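# Provided below are the primary sequence and the corresponding predicted coordinates.
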Amino acid sequence: MKEPIYYLDGRFLARSQAKVSVWDMGFLRSYGAVDFLITYNQKPFRLDDHLARFYMSSKLLGIKIPKEPKELKKIVFETLVKNNFEESAIWLIVTGGVGPTSMIPAKKANLIIMVDPNQPYPVSCYQEGVKIITFKGNRLLPAAKSMIYTLAIKALNQAYEKKAVEALYLDKGRVTECMTSNFFSVKKGELFTAKDKDVLWGITRQVVLEICKNNFKVVKKDLSLREVLSADEAFLTASNKEIMPVVQIDEQHIGNGRVGLVTKKLSNLFHQQVEKKLVSYSS
């Protein structure tokens, strides 16, 4: 397989040549914003929404992205063309760069776009559902998708040791979202998810909320762990997971321990939305 090509601060470089200084504030202080999306038929899904979140995250962190959205969008497509993978995973990254001190950002931020082959989860995750665990803690600045993943890494390592794919934040008995996914539970045909202010603006979550307007009632509220464990169904949403059924949390099965009918319907409706988006690209 050919080596991926990345965009790094105005240059297109092979992945092995794309390097930043150890004094870059992204490396030194985890000071930066990130975003992640994938392609379908080589077209980036909901790119405008991801760019909007990327700029919002950067603004909340106090970093100015050195490109206007229209220009950055063009660079994303240029990077995709240079790689020409069957399907791609795209990382948008902006860091504080190398400033005059280790605590002061550079006048111009460092902009990086990474494109690699997309590696989807096994089909079994969707056919059989997955296990997740709970983890005590909460996301720092939930409205911003930042580079601070220390807690998430610790939680996900615990999850992997227990053969789980995700960890669900548990804060004083209340659950909100997972480390790299949003979370929904289903009870008697109704969907439940955390309040918007408590979680990251998930793009796939937003698609689900749009789909539900004509199909299911959604309640945004503080969710207790007890409520979640007594749900009929549960699922994760994320760009790389789409709508992924959850059939077990810690050692307890959700519902009957199988993928639920609501989750299956939402997954079908989600893929219909993807198809519609692809049609709009080609028209």
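Cool, the structure landed.
# can you pull out the helices in the chain?
25-29, 47-61, 69-83, 124-128, 150-161, 203-212, 225-229, 261-282 (DSSP state H).
# got those helices as TSV, with distance to residue 38 columns?
C-betas here are computed from N, CA, C, even on glycine. Shown next, in TSV, are the helices of the chain (distance: least, Cβ to Cβ, whole Å):
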stretch	distance to residue 38
helix 25-29	22
helix 47-61	10
helix 69-83	11
helix 124-128	15
helix 150-161	19
helix 203-212	10
helix 225-229	27
helix 261-282	10
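# mean neighbour count and distance to residue 134 added to these, as CSV?
Below are those laid out as CSV (neighbours: other Cβ atoms under 10 Å; distance: least, Cβ to Cβ, whole Å):
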stretch, mean neighbour count, distance to residue 134
helix 25-29, 19, 29
helix 47-61, 19, 26
helix 69-83, 15, 36
helix 124-128, 14, 19
helix 150-161, 15, 9
helix 203-212, 20, 19
helix 225-229, 16, 7
helix 261-282, 15, 20
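# now for those helices, which one comes closest to residue 115?
helix 69-83 (4.7 Å; Cβ to Cβ).
# the closest one versus helix 47-61: what angle between them?
120 degrees (axes from the mean of the first three to the mean of the last three Cα atoms, to 10 degrees).
# mind giving me the packing neighbours of helix 69-83?
strand 5-8, strand 11-14, strand 43-44, helix 47-61, strand 88-95, strand 110-117 (3 or more Cβ pairs under 8 Å, 6 or more residues apart in numbering; DSSP states H and E).
# among those, which is nearest residue 235?
So among the helices and strands packed on helix 69-83, helix 47-61 is nearest, using Cβ to Cβ, at 20.0 Å.
# contacts for the closest one next, please.
31-37, 44, 64-65, 69, 72-73, 76, 92, 94, 109, 141, 143-146, 201, 203, 206, 239 (Cβ atoms under 8 Å, 6 or more residues apart in numbering).
# make a PyMOL selection of whichever of those turn out to be buried.
Buried residues among these (16 or more other Cβ atoms under 10 Å), as a PyMOL selection:
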select buried, resi 31+32+33+34+35+36+37+44+65+72+73+76+92+94+109+143+144+145+146+201+203+206+239
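# least confident of the helices of the chain, on average?
Lowest mean pLDDT of these: helix 261-282, a mean of 87.
# tell me which other helices or strands that helix touches.
strand 32-40, strand 43-44, helix 203-212, strand 233-238, strand 242-249.
# and this protein, what are its domains?
Domains of the chain are assigned by automatic domain parsing as 5-117, 124-276.
# end to end on the last one, go ahead and measure it.
By that I understand domain 124-276. Using Cα to Cα, to the nearest Å, one end of domain 124-276 lies 26 Å from the other.
# same question for stretch 96-110.
First-to-last residue span, stretch 96-110, Cα to Cα: 6 Å.
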